[in-house]
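Peer 1: With the sequence up front, the predicted model follows.
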Amino acid sequence: MEGRNGGVEEHSIPKKPRLVCCIGDIHGFITKLQNLWSNLETLIDPVDFQTALIIFLGDYCDRGPDTREVIDFLISLRSNYPNQSHVFLSGNHDFAFAAFVGALPPPPDGSEFSETWKEYTSSEEREGWFKGDGYEKMHLQGRRWAGTIKVKFNVTKGTEYQGSIYDAGPTFESYGVPHGSADLVKAVPDEHKKFLADMVWVHEEDDVCIQTEEGIKHCKLIAVHAGLEKDEAVDEQLKTLKAKDTRVPKVGPLSGRASVWEMPKELTEKPTIVVSGHHGKLHIEGLRLIIDEGGGLEQNPVAAVVLPSMRIVRDTDKLAK
């Protein structure tokens with residue numbers, strides 16, 4: 001069709017929304033991760049999958065037996081899928097692992113990591129904080145992670161503790177050292193330490209599409225392991241998370257529970273997706289997405305959500321190839 005200037009009028013073709021895939025907590029289960037990845041590759045159009053944004057929601061280590069292999073798999077994605085974008089969020093377990101092996105950035109105000117212990121010293125005996133080589137300069141969470149918990153049964157989860165309050169024993173063993181051994185620092189390869197050091201605490205995307213009852217909606221997306229504190233200013237939280245401020249003994253958006261379950265009210269005023277793992281369940285309520293069906297338990301699946309379709313994919317799905 002000719003336009004007024006005699007040229008051919010172009011009809012703009014609507015741009016296909018970019019595929020975004022958010023993968024829940026893996027917790028050291030390599031077979032579950034491989035099966036989930038294979039299912040995503042089978043389900044998703046190859047062109048879309050090759051250029052997808054893949055957001056891992058954190059907690060790569062602990063509980064399952066294969067932390068080392070999981071991190072090897074994640075590191076290999078950038079060379080195996082060079083046209084994808086990969087985001088590796090830090091979970092509270094990964095933060096603690098990084099703290100133990102010296103992969104956390106130092107506190108921005110020049111203070112010592114030992115300052116982070118003070119508020120919680122009443123828990124030191126019960127949680128059996130790590131007191132081996134290097135503990136004097138270790139963040140609180142590294143000491144808790146490698147500690148030896150006195151109580152053997154986790155009543156909340158109905159499971160035995162695996163070494164520490166974090167169930168870190170299997171992570172040590174995956175690197176060939178016993179739980180609580182300072183030798184882990186030498187056993188973890190430099191590229192794994194770099195992976196832990198490079199994890200982000202939050203990720204933002206300006207234009208992500210999501211299928212809603214009213215049709216496709218364009219939203220901002222914020223991905224953070226546990227969620228944003230409901231009653232704190234969002235900008236302040238994002239600033240602290242982007243800066244990776246390690247003065248804080250416990251980072252609420254990485255480890256909180258009730259305080260981060262709902263999204264802050266100010267984010268409901270402009271369409272914003274808040275996606276997290278951490279909570280040991282799959283929960284979707286409007287634009288608040290919690291994707292952690294596994295909870296690190298062997299019998300539970302590892303799940304992902306694919307946007308814009310909102311399809312839930314699990315490692316246990318039996319798909320016709």
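Peer 2: Everything's here; your move.

Peer 1: Could you report the separation of the residue sitting nearest the centre point of the chain from residue 92?
Peer 2: Central residue of the chain (C-alpha atoms, centre = their mean): residue 58, 1.6 Å from the mean position. In this view, residue 58 and residue 92 are 8 Å apart by C-beta to C-beta, to the nearest Å. No exception for glycine: its C-beta is placed from N, CA and C like everyone else's.

Peer 1: between the two, what contacts are shared?
Peer 2: The overlap between the contact sets of residue 58 and residue 92 (C-beta atoms under 8 Å, 6 or more residues apart in numbering) consists of 225, 254, 278.

Peer 1: Now, of the residues you listed, which are buried?
Peer 2: Neighbour counting over the shared contacts of residue 58 and residue 92 (16 or more other C-beta atoms under 10 Å) leaves 225, 254, 278 as the buried ones.

Peer 1: And those, which is closest to residue 103?
Peer 2: residue 254 (14.9 Å; C-beta to C-beta).

Peer 1: Which of the helices or strands spans the closest one?
Peer 2: Here residue 254 sits within helix 252-255, counting by DSSP states H and E.

Peer 1: and that helix, how far from the chain's centre?
Peer 2: Centre-to-centre, helix 252-255 and its host chain are 11 Å apart (C-alpha atoms, centre = their mean, to the nearest Å).

Peer 1: Quick one: low-confidence residue ranges for the chain.
Peer 2: Along the chain, segments meeting pLDDT under 70 span 1-14, 320-321.

Peer 1: repeat that with 90
Peer 2: The chain contains residues with pLDDT under 90 at 1-16, 152, 156-158, 213, 268-269, 319-321.

Peer 1: Contact partners for the closest residue to residue 145 other than its chain neighbours?
Peer 2: Spatial nearest neighbour of residue 145, excluding adjacent residues (C-beta to C-beta, 6 or more residues apart in numbering): residue 96 at 3.6 Å. Neighbouring residues of residue 96 by C-beta under 8 Å, 6+ apart: 141, 142, 144, 145, 166, 168.

Peer 1: Could you count how many residues lie near the nearest residue to residue 114 once chain neighbours are set aside?
Peer 2: Once flanking residues are discounted, residue 114 sits nearest to residue 136: 6.5 Å by C-beta to C-beta, 6+ apart. Counted with other C-beta atoms under 10 Å, residues neighbouring residue 136 total 9.

Peer 1: likewise residue 163?
Peer 2: Neighbour count for residue 163, taken as other C-beta under 10 Å: 23.

Peer 1: thought it was touching residue 181?
Peer 2: No. Checked against C-beta atoms under 8 Å, the pair residue 163 and residue 181 is beyond contact range at 10.5 Å.

Peer 1: For the stretch 101-250 of the chain, which segments count as strands?
Peer 2: For the stretch 101-250 of the chain, strands defined by DSSP state E, counting those that start in this stretch occupy the ranges 153-154, 159-160, 203-212, 215-223.

Peer 1: Strand partners (parallel or antiparallel) of the last one?
Peer 2: Read it as strand 215-223. strand 203-212 (antiparallel), strand 272-276 (parallel) (DSSP bridges).

Peer 1: which of the residues in it are buried?
Peer 2: Using 16+ other C-beta under 10 Å as the test for burial, strand 215-223 gives 219, 220, 221, 222, 223.

Peer 1: cool, stretch 102-120 as well?
Peer 2: By neighbour count on 16+ other C-beta under 10 Å, the buried set for stretch 102-120 is 102, 103, 104, 107, 113, 116, 117, 120.

Peer 1: residues contacting the second one?
Peer 2: The contact partners of residue 103, by C-beta under 8 Å, 6+ apart, come to 97, 193, 194, 196, 197.

Peer 1: What distance do you get for it to residue 192?
Peer 2: Separation of residue 103 from residue 192 (C-beta to C-beta) stands at 9 Å.

Peer 1: most surrounded residue in the contacts of residue 96?
Peer 2: Neighbour tally across these (other C-beta under 10 Å): the maximum, 32 neighbours, falls on residue 145.

Peer 1: between residue 163 and residue 181, what contacts are shared?
Peer 2: residue 172.

Peer 1: if we can go back for a sec, from the contacts of residue 103, list the buried ones, please.
Peer 2: For the contacts of residue 103, a neighbour count by 16+ other C-beta under 10 Å gives the buried set as 97, 193, 196.
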